[in-house]
Every structure is written in structure tokens, then in C-alpha cells.
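# have a look at this prediction, sequence included:
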Amino acid sequence: MATTVTSGITRPPDQGDGGQRRLSQRDPQTHTMGVAFAVVAIGMLFIALTSSYVVRQGLGVDWQRLPMPRILLVNSAVLLISSITMELARLARRRGNWQRSNTWVFVTLMLGLAFLSGQLLAWQSLASQGFFLSTNPHSSFFYVLTGLHGIHLAGGLLALTYVAAGSLQQLRAPAAAAGPARPSPDRCSRWLDGTAVYWHFMDALWIYLLALLFVWG
Amino acid sequence: MASHSSQTVHTEIRHGFIRTYIFSTDHKVIGIQYLMLALFSVLLGMGLSVFMRLRLAWPAAKWPTLEQIFSVGFSGGQMTPEFYLAMMTMHGTIMVFFVLTTAPLSGFGNYFLPIQIGARDMAFPVLNMLSFWVTFVALAVMVSALLVTGGAPISGWTAYAPLSALGQVAGPGLGTGQTLWVISIAIFCAGSLLTALNFLCTTINLRARGMSLMRMPLTVWAWFTTAILALLAFPVLLAGGILLLLDRVGGSSFFIPGGLVVSDKLIPHEGGSPLLWQHLFWFFGHPEVYIAILPGMGVTSHILSTFARKPIFAYKAMVSAIFAIGFISYIVWGHHMFMSGMSPFSSMVFSVTTMAVGVPSAIKTFNWLATLRGAQIRFTTPMLFALGFVSLFVTGGITGLLLAQPAIDIYLHDTSFVVAHFHLIMGVAAIFGIFGGTYYWFPKMFGRMMSERLGRIHFWFTLAGVYAIFMPMHFMGISGAPRRYAQLTEFTYLQHLQPVQIFISICAFITIAAQFIFLYNFFVSMWKGERAGVNPWEATSLEWTIPSPPPHDNFGELVPVVNHGPYEYSVPGEPTDFVMQNAPAGSVAS
Amino acid sequence: MPFAFAVFLWFMASITVALFIGKVWWLPPLISEHGAAIDRQLVITLIIAGIAFFLAQISLGYLIWRFRAKGGQRATYWHENSRLESVWTIGTAVVFILLSLNGNRIWASYILTPPPADALPIEVTAQQFAWNIRYPGPDGKFGRTDPHLINDANANYLGLDSKDPASRDDITTQNIMAVPVNRPIRVMLRTKDVTHSFFVPVLRVKQDTVPGLMIPIHFTANRTGEYEIPCAELCGMQHYKMRARLLVMSDTDFENWLKQRASMQ
């Protein structure tokens, strides 16, 4: 049952035909849609926090912008590059070059980990300067926003790990031996597409938060 | 671990007990798990209300037996006011979240959405399983808040800051109890978001051939819209909860302004806004109450049509009304805050939008009534509850006309009038939706019929009971009785209401007792009920085309092709007074 | 069954309406000027709501009984009527809009009208679980307060700064608020700890007291007597006992009362 996914969108399979299928029919579109809705929900979370930020800023005379840790610029560059590598992984998969796709996934994973480590360093740097969660409203929001972003990014890393592991398995045992325990090629692509959407969102969200914290606030 | 059974035509994969009943990914099992969770929660919530009614009716009474069990809450034999407030807080929280947000949407929706659209399962079965267990953990944490030293929080289900943010210094239960409460709510948000996501993807992508949007039953439309509401509202509650938690344990000051002195102690926080919490909470809170009622409206439409043997009146208008209600529900939240110190101009805007949401609700009511005109009504138990829903929805909703106007709300805000309003709408109408759904779908879920006789008795006690309980609360509110009071007897101008309190409590106890008739009927019928066929109600939607109970993959080889709308009853020229949705084409213009 | 159901609905609706019309439990007597418009709007809305409620319940009962299944017959395949739909939608919308406009008019006239310049200023500071009332005294100015100076144990509930000359003649009470009749009163609402709500049923006045904010309201009482002030926002375990007395008295009585209080400070 070899299928080649030539574009991101395929027509939903006709539900009328029988045959040995998994119990829940899912076309690739559904999975990406699921990620899109998750993105909407996470977006709402940060919209609510943004409006809290704006309100709080307008309230108190005690609003004092934190000094921006320089490493945040490095982290931002790392994350932007990781979005590029994510796209490269996707393009490679689409052309059928699984080996290359997997490499790029691995690189993205490493860059993501580097980003998170960099964020922790930023936190450390601020703490050593005496800026904690409770120090002033701006620092409170800094920790909350970067912390939540980091947690969600970590979730994305888990998804990337799953994709990488799945395609590694796929590479070792080609399609002919595919059984119910191995993710089908279709499924791998679905996960990669979805994860890519999520990843780009995390990137855009980060740029937005940086701007909110250090340009607007 | 997994094995294929080659004997059956269905792609039946047999798992062990744990995979089949505990960590199942089958939407039907998950649906029942949610219903059981809601059942446990409603019994707990009802139990808590017994304590509340005991104190309200007899505030000075001593309860030696209860003192033995709850030594802190009943120190000296009398129920303490803080115990009352803890009961009240947990009652509201458990009912709103773990009953009204789970049973109608995650319970019945999970079970019947896929079947009604002709799908084999939800779009993301594993995610579905996860969302149940996340909700379960949330409930466990919430229950632990009841049991922890210091007791449950006393700040109400609305947990207004700074009362909820200051910690133990502001009152009993506001220490560990409140922290656990916030954590539980945050976990619950996560579970609900996963559910919402699943519902949306399933409805959009997994409909069977011929199941166009305008052929979906109104239950599906209701679940779909509710899922949109949940997706957009719960993250805002989560944001508020995170900030509240940090104010409590992290030393931040999102909601706590400076210069507060509680019990002679100066609070070190600075510069936060209590109103910010209210905005965040109610931006979620108002869509939340529509999340509680919309599925009930869908179920009512569905049941009314089935047992009136008539198509639902103005299906298209009903769909538009569901959407309109869902959309407008996002721009009315300020009506909870008319007296909060919010800008009076905002109040005027919110007043207009709140009146506006009454229009689609009225449309639905007119359509339900019109559905009955010319009908051939069969008075089965589900139909009784659906009719009861219409009556209660009108009663509860109409008082919204008063509360939507700030001028009148000056007087009625935070009085028993509000308590009457939201109980009739949520605590009764929505519950009638759940009861209706239960009696209606029980044969499909368990392959047996519930007792009609017991159903009728349950219905009468409950309908009469809830009117007897909540109607008087309107009068108490008009008399000026504030809400969230452990007793009214401290005020001279409220003394004359004490007999009313006693009347309400007695009616409440009787009504609660009557619910055990339902419980008995529910559980005994599972084993002893008369066996149900495929379509005992002669209904038209797809769930009535498959066996009772349905097989694992719902439709097997016979994946349906839909040719008709969902409410083709009494179609002229047809041999039977109902046409199944998957009947061959050519009968009626759909 | 259908008949019993219908009878129940008719009975329930009738009793409810009767209890409202009979004013068996009703609003406490009104003693403020602005409250008249509020009461009128409340009654108008109740009447409209009552009519809608009554008609809906009666129709429901009627439909239930009239269209009970009669063996062998088919229901009427009547499932839409755009004209009917438009009529009742527009009708409902018109009624709601009119109600809302009038209600907003009354609200605006109450909340957006500033009090006259000679209104008597009174400061009310809520706390767990008492109402602190402060009068500015002959100098007409409220003295400075500071949270750091608050000391309930020494009865300095407001944290009055005794070094501020304006605070020397301030008159503070707890749980007793006296006002002269027929004079505009301007109340400044504050709170020491959590959100409370200043609710005077007979005046038709309610306003939350929000930590960090000072919220002004105003009213004119037009009847003497003693009334009660409950707290209307959950504030902790003694929320139900947070009771102040409102004394509305003649001008002379009020001046005497103030002098008496001043000597007790």
C-alpha cells in the first residue's frame, strides 16, 4: 500500500471501500488541522497574557524594563535557523529523500535544545543580577512568558523526537516489512508537516514575545 | 500484545482488560468514562449542597454526629460559616467544571458525535484517551483540596482576587486548599483543550459521504460550536490561573495592589489589579456557561423532533441561532462586572450585547414550540425531560432581561436573584439536557431499556422539585437577600425570609432523594432492563442504524452513505413516519 | 400524562405570576431619589418578562396537551415558515432594544451625573469584617492615611496620620453611618484588604469596593429612619455578618450626632 505524498494536501480517501484499514481513517489534512487548532489555543493563551501585560503596564508606576540579556539575541538567531532547517527537512521528505530529511530533523532538534539551554542561561544571568519572578512586574512577565514559551517549545521537541525516531525505524526496515507496530510512511509525513507548522509558530511567537518585552514594554 | 481476530468481519483487535476498559482509545468507552466521572462529581456536588441547605435553613443548629466526622468544620457542634463557604465553593466548582463541562460535551459528544456523522472514531483517539485521564487527574487534585489540612477554599468558584491570591492570611482554606484548586483548574483546562481540538477535527474531516454540514443533527452542530467556544475560552482561564498561582506562591503582584492590610498585617505585594482577574475569569466564564447549555439545546432539539414525529422547526435558523449564541457569548462577559468598578461606558456596551444574545435564544424557544404544533407527541421519558428543558430554559433565561440592565443590576447583583437565574439555566435546564440524553441514548449505549415507570416518577419529582427550590430564590433576591451568605439571620430586613429558606431546603432534600430513583433505574437497567433493538425510538439519525451496543468500529463494512436530512419525520408519501438518514435516495428533497 | 404536564405548567406559571403581582415578597421601601427610576424600570422589565414567561409556559402546556399522539395519525410536515420566523425574531429584538435603551438611559443618568458641589463627603473603608466610616469634620478635608500606620488593635483602623493637621478633626466610626435627610451625599468607597461591596437596599445603591481603587458614588436619602447595610461581595468567613447601620436623620439631629461623635474621638 505504497502511497507517495506529492503535495501537502490529498483528497480524503473514499470511506466506502473496505479493506484492511486502521480503525480511524485519517487523511494528512486532519493532522495538520489538529496542530492548527492547537496553535489557536496556545495563541489565545498568549493573547490573554498580552492583554494582562498591557493592563499591568498601564497601571503601576513601578514598571521598570529589565535589561535584556544579550544571549537572547543569540537564542533568537538559533531559533530562526532551526525554522529554516525544519523547512529543509520538510522539502527533503516531499522529494522522497528520507535520509536527508532525517538529518535536517536531527539538526532542528539540536538547535531547539540549544535554544532552550540558551534560555536557561538567560534566566541564570538575570537571577545573578538580582532579577527574580517577584522583583518587579516586568520581570514577572518575563519569566512567565519565556517560561511558558519554553514549555511549549519542549513539547515541540518531543514531537520532533518522535518524528526522528519514527523515520529512523522506517529507514532501517523499509516499507515492505511495515506492520502495525511501525509508523507508516504516510504517518511520518503527517507528523512532520504538523510538527513543522507548530515549530514555525513557536518561532514567530518568540519574536513576538521578544518585541513585547523589550520593544513595547 | 495486539492480536488480530480473523473470525469477525469487523477489524476487531482484542486487547486485555486494561486496554479495553481503562486506557481505551475507543470513543465510546471514553464517552462512558467521562459520564461516570460526571456521575461521581454530581453526587459529590449534590452532597455538598446538602450541607449548604442544612446551614441556610437551620444556622444555629448543632449536629453532633457531623461534629464527629468533621471536627474542624463543626467545632462546637454548629457548622462554621467557613465550612459553609468551603462547601459552596467546591459545590460550584465541581458542578460547573466536572459535571456541566464534561457530561454534555465530553461524555455524550465523545460517544455520539462520531457515530452521528458516520465515522469510525474520533480524529485522534489516543489524544482522546489522554484528555480523559488528564481530566481525571484534575478531579483527583480538586477532591484533594477538600481533604487537605486547612480545608477547601472559601472564595467561591469565581475565586476573586485578592481574596484568592493572598493565602491563608485572608481566611481558612485559602492556603493549600486554594493552591490545589488553582492547579486542578489548570489541569482541567488542558484536558478540555485536547477534547475541543478532537471534536473540531472530527466534525470537519470525518463525515461520511453525503453527510453535508446541513444534514448534521443539531446535536452535532451544538457539540461543534461548543468545541469552538472551549478552544478559545479555556486558554484564557489557564492564563489567569497561572498568574494567580504565581501571585500566591511566586511573590508576583498581578492581581494584588499595594498597601493592603489584612488582619493588621501589611501585605508586601505592589501594583496589581483585582479587576484584571475578573476580566480574565469572565472572558472565559461567560463562554463557559454557554459550553454548559449549548449541548443541552442540541439534545433537546434532537429529542423533541424524534418524539414529536416532526422535523425540527426551521433547522437552518436553529443552526444560525447556535452560532449566533456562540459568537455573541464572547462579547458579553462584562455583565458579570457591572458593579465591579469597571468603566460605566463598558457596562452600557455589555448591556446591549447581553440583550442581543437573548434574541437567538428566543428564536430557539419559538422554534421548539413550533416543532410541537401539529405534532404527534409520544411521552417517553426522554421527551418529558426535553419538554422540561424548554420550560426551564424559558424560566431561567427570561430573568436575564433584568440582570442584563446595569440600572436594575445595581439592586439585583450578588443577590439570590442571580443564584436563581443561573441555577435554573445551568443547574437545572442543562441537567435536564443530560437526563434527556441519558434516557434517550441508554438503549444504544447499553443494549437495554430503562424503566419508563421509574423514569416518569423521577421526572415528576425533579421538575416539581427544582421549581419549588429555585422559584423562591427570585423573591429572596427581590427582597434584597445577598448571596454567598452562610445565614440571613444577622439582618433584620431579611428575618422574614427564614421560612422560605426552610421551605427551599426541605424541597431540596426531597428532590435530591428522588435522584436515587434515577440511579437505581440507571444501574439496574444495565443488567435487568428489557433488551433494546437497533432503533427502539424509531428515530432517524445514524446511531439508530447500528447494533445496541455498537461494535468497536461502529459501522463495520457498512459505512453509511447519507441521503437525507436528520429530521425526516412524518414525510408525506412515505410508508413509515420516519426516514433514516442513510435510507436510499429519492424519497424526499434533502 | 399530557394533561398532568399541562396542568403543572399552567399552575406553576400562575402561582409565580400571582406571587409577583401580589408582591408577597417585594422590594424594601425606597428612600432615595434616583431609586425611583430604577424601581420603575425593574417593574416594567418584570412585567414584560412576566408576560413572556406566562405566555411561553401556557403555550407549552397547551401544545403538549393538544398535540399528544392519537393512534395512527401522522404529524403535520410543517417545518419552516420564514415570515413567522422574521416576525418573532424582529419582535423580540425590538422589545429587547427598547428595554435596553431605556435601561441604559437610567444607568447613564445615575452613574454619569456628578454629585452637586455641596454634597456631603463621607468616606467608607471596608475591611474584613466591618465598615469604617469617616467624616471630614469642620475643615471639610480628609486627613492623610497610610497603610503602615494601620493598627486594628489600637483602633486606628484607617491608618490615620496624626501628624497631618487635617486628620485632627476627622470623625471615624465603625458600622454606623449617619446622613442628613434630603441632602446629596458623596461616598468615597475604599477597602483595606479584599473586595467588598457597599450595598444599601433601601437606597438602591450598590458598588464594589476594590483594593487599590477609590470609587465615588452619590445618593440623596429622602426619608428618615434606621436601615441596614450588608456586604454584597464575598470577602471571607464573616461576609454574612458584615453589617452597618444607616441612620437617616434631620439636619439638626445630624449636626448633634456629629458633635457627639467628635467628642468621642
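Thanks, I have it.

# pull the longest helix from chain C.
Secondary structure of chain C per DSSP state H: the longest helix is helix C:35-66.

# now do the helices in the stretch 51-200 of chain B.
B:64-69, B:81-93, B:110-117, B:125-147, B:176-205 (DSSP state H, counting those that start in this stretch).

# of the ones you listed, flag the one that's most buried.
Most buried of the helices of the stretch 51-200 of chain B, by mean neighbour count (mean count of other Cβ atoms under 10 Å in any protein chain shown): helix B:110-117, with a mean of 27. Yep, even glycine has a C-beta here, placed from its N, CA and C like the rest.

# what's the angle from that helix to helix B:176-205?
With axes from the mean of the first three to the mean of the last three Cα atoms, to 10 degrees applied, the angle from helix B:110-117 to helix B:176-205 works out at 10 degrees.

# related to what we said a few turns ago, how about the helices of the stretch 51-200 of chain B in CSV, adding distance to residue A:44?
Formatted as CSV, the helices of the stretch 51-200 of chain B follow (distance: least, Cβ to Cβ, whole Å):
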stretch, distance to residue A:44
helix B:64-69, 43
helix B:81-93, 22
helix B:110-117, 23
helix B:125-147, 18
helix B:176-205, 9
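
# among the ones you listed, which is nearest chain C?
helix B:81-93 (4.0 Å; Cβ to the nearest Cβ).

# so is that closest one next to chain C?
Yes - interface with chain C: helix B:81-93 contributes B:81, B:82, B:85 (Cβ under 8 Å from any Cβ of the partner chain).

# nearest to chain A among those?
Nearest member of the residues of helix B:81-93 next to chain C to chain A, counting by Cβ to the nearest Cβ, is residue B:85, at 27.6 Å.

# distance-wise, check the closest residue to the closest one other than its chain neighbours relative to residue B:87.
The spatial neighbour of residue B:85 that comes closest, neighbours along the chain excluded (Cβ to Cβ, 6 or more residues apart in numbering or on different chains), is residue B:154 at 3.7 Å. To residue B:87, residue B:154 is 9 Å away according to Cβ to Cβ, to the nearest Å.

# likewise residue C:172?
Residue C:172 is 36 Å from residue B:87, where distance means Cβ to Cβ.

# go on, residue B:454?
Applying Cβ to Cβ to residue B:454 and residue B:87 gives a distance of 30 Å.

# and if you look at residue B:367?
39 Å.

# same question, residue B:393
From residue B:393 to residue B:87 the distance is 28 Å (Cβ to Cβ).

# what about residue C:225, how many neighbours?
Neighbour count for residue C:225, taken as other Cβ atoms under 10 Å in any protein chain shown: 13.

# from residue B:153, how far off is the closest residue to chain A within the stretch 201-350 of chain B?
For the stretch 201-350 of chain B and chain A, the shortest gap (Cβ to the nearest Cβ) falls at residue B:251, measuring 3.0 Å. Look at residue B:251 and residue B:153: by Cβ to Cβ, they are 20 Å apart.

# can you show me the strands along chain B?
Counting by DSSP state E, chain B has strands at residues B:3-4, B:13-14, B:261-262, B:265-266.

# confidence score at whichever residue of the stretch 1-150 of chain C sits closest to chain A?
In the stretch 1-150 of chain C, the residue that lies nearest chain A is residue C:147 (15.6 Å; Cβ to the nearest Cβ). Confidence at residue C:147, expressed as pLDDT, is 93.

# now do it against residue C:224, distance only.
36 Å.

# close enough to count as contact, residue B:346 and residue B:335?
No - applying Cβ atoms under 8 Å as the test, residue B:346 and residue B:335 come out as separate, 10.2 Å apart.

# neighbour count: these two, which is higher?
Neighbour tally, residue B:346 and residue B:335, criterion other Cβ under 10 Å: the higher count belongs to residue B:335, 22 against 13.

# which residue, other than its chain neighbours, is closest to the more buried one?
Per Cβ to Cβ, 6+ apart, closest to residue B:335 is residue B:354, 4.5 Å.

# what does residue B:485 give?
Nearest in space to residue B:485, with sequence neighbours left out and distances taken as Cβ to Cβ, 6+ apart, is residue C:240 at 3.9 Å.

# helix/strand/coil for that neighbour?
Of the three states, residue C:240 takes helix under DSSP: H, G, I helix; E, B strand; the rest coil.

# what about it, how many residues nearby?
Neighbours of residue C:240 (other Cβ under 10 Å): 23.

# would you confirm that it contacts residue B:483?
No - contact criterion Cβ under 8 Å: residue C:240 and residue B:483 do not qualify, at 10.3 Å.

# is any part of the lengthiest helix in chain A close to chain C?
In chain A, taking DSSP H as the definition, the longest helix is helix A:137-172. No - Helix A:137-172 does not reach chain C (Cβ under 8 Å from any Cβ); its nearest approach is 13.6 Å.

# does that helix come close to chain B?
Yes - Helix A:137-172 is in contact with chain B by Cβ under 8 Å from any Cβ, via A:137, A:140, A:144, A:148.

# flag every buried residue along that helix.
With burial defined by 16 or more other Cβ atoms under 10 Å in any protein chain shown, the residues of helix A:137-172 counted as buried are A:137-146, A:148-150, A:152-153, A:156-157, A:159-160, A:163-164, A:166-167, A:170.

# isn't residue B:417 up against residue B:400?
No - in this structure residue B:417 lies outside contact range of residue B:400 using Cβ under 8 Å: 11.0 Å.

# out of the two, which sits in the more crowded spot?
The neighbour comparison of residue B:417 against residue B:400 (other Cβ under 10 Å) goes to residue B:417, with 25 against 19.

# leaving out chain neighbours, which residue sits closest to the more buried one?
Residue B:417's closest residue in space is residue B:477 (Cβ to Cβ, 6+ apart), at 2.5 Å.

# with residue C:37 instead?
residue C:106 (4.7 Å).

# tell me if I am right that that neighbour is in a strand.
No - looking at residue C:106 with three-state DSSP, it is helix, so not inside a strand.

# which residue comes closest to the residue in chain A that chain B sits nearest to once chain neighbours are left out?
Chain A approaches chain B most closely through residue A:134 (3.0 Å), counting by Cβ to the nearest Cβ. If the residues on either side of it in the chain are set aside, residue A:134 comes closest to residue B:251, at 3.0 Å by Cβ to Cβ, 6+ apart.
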